[in-house]
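Novice: Fold the following and give me the result.
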Amino acid sequence: YGIARDAAPEEAGVDHAAEERAREIRDLRTKFTVSLAVGAALMVAMFVPWPFDHTRLFPLMFLLSTPVQFWAGRQFYKGAWAAGRHGSTNMNTLVAIGTTAAYGYSVFVTFFPDVVARLGLQPAVYYEAAVVIIGLILMGRWLEARAKGQTSEAIKKLLGLAPKTARVIRDGAESDLPV
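Specialist: All right, here's what the predicted structure looks like:
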């Protein structure tokens, strides 16, 4: 009753855009950190001279890379789908197709190594490539989001430095007027 609620969220002391930006930055940092850690582990696993055949590691590599592919890489699939619905492509499309091709081929090799061997191919997987690509692109997006956030804060601080009043001389008399 009779109470006006015209105040903007920023005036009420809550900056929803800044909170959303901070959440996005935290989310990107978590996803790229996990992706690069898993990618590093997968790369090490591929280059360590194990006393057994590397193909025995493929199921473990599948289990480690699958969450990265579909959790951390989900935003690329969503972005590619949105672009595709409008009949266009973008960076998300490139990342989604490239990492899905590497991941999909690796899954095939993991679960059907006999088919690959019958074709005369050496069983090789590319889980680490897909995971590292996702991690590096996410790290770039994290750096970009962080820079945008810092720029927004700097602009707000500059606007805060703007004078609230102006001194005006009219007919020889000085007066302060709100800007």
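Novice: From here on, just use CA atoms for contacts and neighbour counts.
Specialist: Fine.
Novice: Please, which helix or strand holds Ser35?
Specialist: For Ser35, the element it lies in under DSSP states H and E is helix 16-47.
Novice: Leu177 too?
Specialist: Counting by DSSP H and E, Leu177 is part of strand 173-178.
Novice: what angle separates the next helix or strand after the helix holding Ser35 from helix 16-47?
Specialist: The C-terminal neighbour of helix 16-47 among helices and strands, as given by DSSP H and E, is helix 58-67. Orientation of helix 58-67 against helix 16-47 (axes from the mean of the first three to the mean of the last three Cα atoms, to 10 degrees) gives an angle of 170 degrees.
Novice: Need the nearest residue in space to the residue positioned nearest the centre of the chain, chain neighbours excluded.
Specialist: By Cα atoms, centre = their mean, the chain has its centre lying nearest to Leu138, at 3.8 Å. The spatially closest residue to Leu138, leaving aside those adjacent along the chain, is Phe32, at 5.2 Å (Cα to Cα, 6 or more residues apart in numbering).
Novice: tell me the pLDDT at the one you found?
Specialist: The score at Phe32 is 94. That number is its pLDDT.
Novice: Show the contacting residues for it.
Specialist: By Cα atoms under 8 Å, 6 or more residues apart in numbering, Phe32 lies in contact with 72, 134-136, 138-139.
Novice: so where is the protein shaky, pLDDT-wise?
Specialist: Applying pLDDT under 70 to the chain picks out residues 1-14.
Novice: at 80 instead, please
Specialist: Regions of the chain meeting the criterion pLDDT under 80 cover residues 1-15, 149-150, 152-154, 156, 161-162, 179.
Novice: by contact count, what packs against the lengthiest helix in the chain?
Specialist: Determined from DSSP state H, the single longest helix within the chain is helix 127-160. Here helix 127-160 touches helix 16-47, helix 58-67, helix 91-111, going by 3 or more Cα pairs under 8 Å, 6 or more residues apart in numbering; DSSP states H and E.
Novice: now that helix against helix 91-111, angle please.
Specialist: 150 degrees.
Novice: tell me how far helix 127-160 is from the chain's mean position?
Specialist: Taking Cα atoms, centre = their mean, to the nearest Å, one finds the center of helix 127-160 at 8 Å from the center of the full chain.
Novice: Buried residues in it, which are they?
Specialist: 127-135, 137-139, 141-142, 145-146, 149 (16 or more other Cα atoms under 10 Å).
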